[in-house]
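Q: My questions are about this predicted structure, shown below with the sequence.
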Amino acid sequence: MTDRSVPKLVEHLFREQSGRLISVLTRIFGTENLDMAEDVVQDSLIEALRLWSSKGVPDNPAGWLFRVAKNKALNIVNREKYKRKYSSDIVHFLHSEWTAEPALNHIFSEQEILDDQLRMMFTCCHPSVSADSQVALTLKTLCGFTIPEIAKAFLTTEQNIKKRLVRARQKIRIEKVPFQVPSGNQLGARLQSVLETIYLLFNEGYSASKGNDVVRYELCEEAIRLSEIIAGYEKIEDKSDVFALLALMYLNASRFRSRSDDSGNILTMAEQDRSLWDPVFMRKGFFYLERSIAFNRLSMYHILATISAYHCAAADFASTDWKSILSLYDKLSEIDQSPLILLNRAIALSKVNGATEALAELKRIEQNPSIISYHLFYSTRAEFYLDLNDPGKAKESIEKAIALCPLEPERVLLRRKLELCK
Amino acid sequence: MQDYLLLIRTEGDVWTDLSPQQLNEHIAKGTSYIGNLIKEGKLKSAAPLDVASKTTTDGNGTIKDGPFNETKEVIAGYFHIVAENMDEALEIAKANPIFSDIPTKIEVHQMRPIGG
Amino acid sequence: MKEFMFLIRTEGDHLLELSPAEQQKHIEQVMVYMGDLMKSGKLKSAQPLEQEGILISGTKGKLKDGPFNETKEVIAGYFLLEANDLDEAVQIARNNPVFESARNARIEVRPVKVMQGING
């Protein structure tokens, strides 16, 4: 391996291993010392970068990294100046010659590392931490995202993300949030907020127009990886929402690569090349959808996953089962009246009952004041006017949409539509 | 669950009697024994004790410090474990690999519960 | 800071020999002693032990259980605490109220072998 590839390898390792490592180290140091765990991982990687650049990369880089971090942790908890009290229930084992090594072997076993990541999710998504900080902290501690990457994902400044992270860690320290998966009747409610954070994470990655493609896809992958860990956790009895969310994410992510053309232009679902849809992801999506239904409960995730499944199941855009999709949106709008859902329902309505009825529906939705500043409202209306062969009104709507649209790639798509109005 | 203290009694600093290879093998066995106790949540703490020590005695009103070596036997370390009952505590104590490598006795004490 | 284990050795259950008033006094002394140790952050744990117990001896495959009090002396309890050095630990042990209430009590003061940091 050449010297130049070492930084790349370390970067890759960081992305892959830092969440696992930070979680295990937090088990040792306690949630009040989350920053300490992050520092140890950072130090270990810097050491790797320095050493490997001059002496070459060891056979098992990840193993090397874990060993270094393990020794650093052992030194820290045994060093005089750091001899403070740690809240963790395991740190005292590291003080004894007899128990230090067995305890480290135990803590660093695969199963414990998985459980620790789960504990970390519930720590990051503790109700005392605000929703936007929950996502930022999850990305930082569990997904190996750097502050600039998180800032890019959320279209905000690094300063802003730093502040959110500091606040989140502070809250966790003050509230003495335990490093554990809650049990009993607390588990259900806390699981919901973990799933919400994961879904937010996924949507940040999936929303078609934000930032860098590679980072966005990794956000989606991370959301799926974290959910898979939850799905494997035995103590959660009712996993219907976990499975439904996984189904939704796999099915949507299966279309990820087909959503833009070679020059980065966004493609509508009608334009997408369906042969590019990832068959492995689709299979996994259907697999989880089936498992989620076994619980006989219907949440937003189930409905959204089923809608996504109808799209995946259609051989081409024309054969989409809009009738079934419409009835699913009907159900969904009983749970959630957010503008995006109402708009999507209107689209399904236009396919089933025609654009005239859909336009009438938009008139009704327009009463909702939050929707009139939403560019998708106008681009959807334009589609309906185009269906009705009214390019003049369609043009008017698209121009409004362009004026309101905050993101360049979507504006490009809208300008392309404007061409159709001539 | 009850708390038990296991005191490991050996004769002198026995570890020095083992060859490096024996010592390595012994450590490997000990590591897996202790690792299992940790995994099962049965170990609260365990540590070896230094041989150098002092005894403070009350010899008819006078307190004196003396080296603790009037017998060859010393307490080489302790385990604080939790177990269902004395039988389980004994079972755990007997599984200690130290018995196969070093002349040892283990004293198994039940800790007196708070308020007892 | 070093860690020490105190093994309290007494002849039988010395508290049984005390009158109710003496017992009361002993308990008060213990409270003060423990309270001071806790306040100074030196005490890690302390626990009295049951008089009855079992001594396992022999070698693997041929282990036998027996009483451990071949002598009158038993280990009546232990303390795990931190002190700067052996001298300070001995000083703390000397102040233990067991010396006031029990005849022929002994405290074995043992440094716990603690982990040193490791290289690499």
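A: Arrived safely, thanks for sending. Numbering: from 1, shown residues only, chains lettered A, B, ... in the order given.
Q: Could you check which helix or strand contains residue B:7?
A: Per DSSP states H and E: residue B:7 is located in strand B:2-11.
Q: Neighbouring strands - and their directions - for that strand?
A: In the sheet, strand B:2-11 lines up against strand B:73-83 (antiparallel), strand B:104-111 (antiparallel) (DSSP bridges).
Q: For chain B, what's its nearest residue on the stretch 151-300 of chain A.
A: Per C-beta to the nearest C-beta, residue A:180 is where the stretch 151-300 of chain A lies closest to chain B, at 13.6 Å. In this view, the C-beta of every residue, glycine as well, is placed from N, C-alpha and C.
Q: hang on, the earlier thing: contacts for the strand holding residue B:7?
A: For strand B:2-11, contacts defined as C-beta atoms under 8 Å, 6 or more residues apart in numbering or on different chains pick out B:44, B:72-86, B:89, B:92-93, B:96, B:98, B:102-111, B:113, C:7, C:47, C:49, C:75, C:78.
Q: filter the residues you listed to the buried ones?
A: B:44, B:74-83, B:86, B:89, B:92-93, B:96, B:98, B:102-111, C:7, C:47, C:49, C:75, C:78 (16 or more other C-beta atoms under 10 Å in any protein chain shown).
Q: Which residue does the stretch 51-200 of chain A have closest to chain C?
A: Chain C sits closest to residue A:75 of the stretch 51-200 of chain A, with a gap of 3.8 Å, by C-beta to the nearest C-beta.
Q: Return the per-residue confidence for that residue.
A: Note on residue A:75: pLDDT of 90.
Q: Just the element for it, please.
A: Assigned by DSSP H and E, residue A:75 belongs to helix A:61-78.
Q: Same check on residue B:88?
A: Taking DSSP H and E as the definition, residue B:88 sits inside helix B:86-94.
Q: Tell me if that helix is near chain A.
A: No - Helix B:86-94 does not reach chain A (C-beta under 8 Å from any C-beta of the partner chain); its nearest approach is 14.4 Å.
Q: May I have that helix as CSV, with CA atoms only?
A: The C-alpha trace of helix B:86-94 is given here as CSV (Å, rounded to 0.1, in the frame of the first residue of the first chain):
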residue,chain,number,x,y,z
MET,B,86,-23.8,-21.0,49.3
ASP,B,87,-23.9,-24.1,47.0
GLU,B,88,-23.6,-22.0,43.9
ALA,B,89,-20.8,-19.9,45.6
LEU,B,90,-18.9,-23.0,46.3
GLU,B,91,-19.4,-24.2,42.8
ILE,B,92,-18.0,-21.0,41.4
ALA,B,93,-15.1,-21.1,43.8
LYS,B,94,-14.3,-24.7,42.9
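Q: so where's chain B uncertain?
A: B:12-15, B:52-72, B:113-116 (pLDDT under 70).
Q: Just checking, which helix or strand of chain C averages the lowest pLDDT?
A: helix C:98-101 (a mean of 82; mean pLDDT, DSSP states H and E).
Q: Now for the residue nearest to residue A:340 when sequence neighbours are not counted, how many residues are close by?
A: Among residues not flanking residue A:340 along the chain, residue A:376 sits closest, at 7.1 Å (C-beta to C-beta, 6 or more residues apart in numbering or on different chains). Neighbour count of residue A:376, defined by other C-beta atoms under 10 Å in any protein chain shown: 16.
Q: tell me the contacts of residue A:376?
A: For residue A:376, the contact set (C-beta under 8 Å, 6+ apart) comprises A:339-340, A:343, A:401.
Q: circling back: list the buried residues of the helix holding residue A:75.
A: Those would be A:61, A:64-78, for helix A:61-78 by 16+ other C-beta under 10 Å.
Q: The lengthiest helix in chain B near chain C at all?
A: Within chain B, and with DSSP state H defining each element, the longest helix by residue count is helix B:20-39. No - Helix B:20-39 does not reach chain C (C-beta under 8 Å from any C-beta); its nearest approach is 10.7 Å.
Q: That helix: which residues count as buried?
A: Neighbour-count burial for helix B:20-39, counted by 16+ other C-beta under 10 Å, picks out B:26-27, B:30-31, B:33-35, B:37-39.
Q: before we move on, what about stretch C:97-109?
A: Buried, per 16+ other C-beta under 10 Å, within stretch C:97-109: C:97-99, C:101-102, C:105-109.
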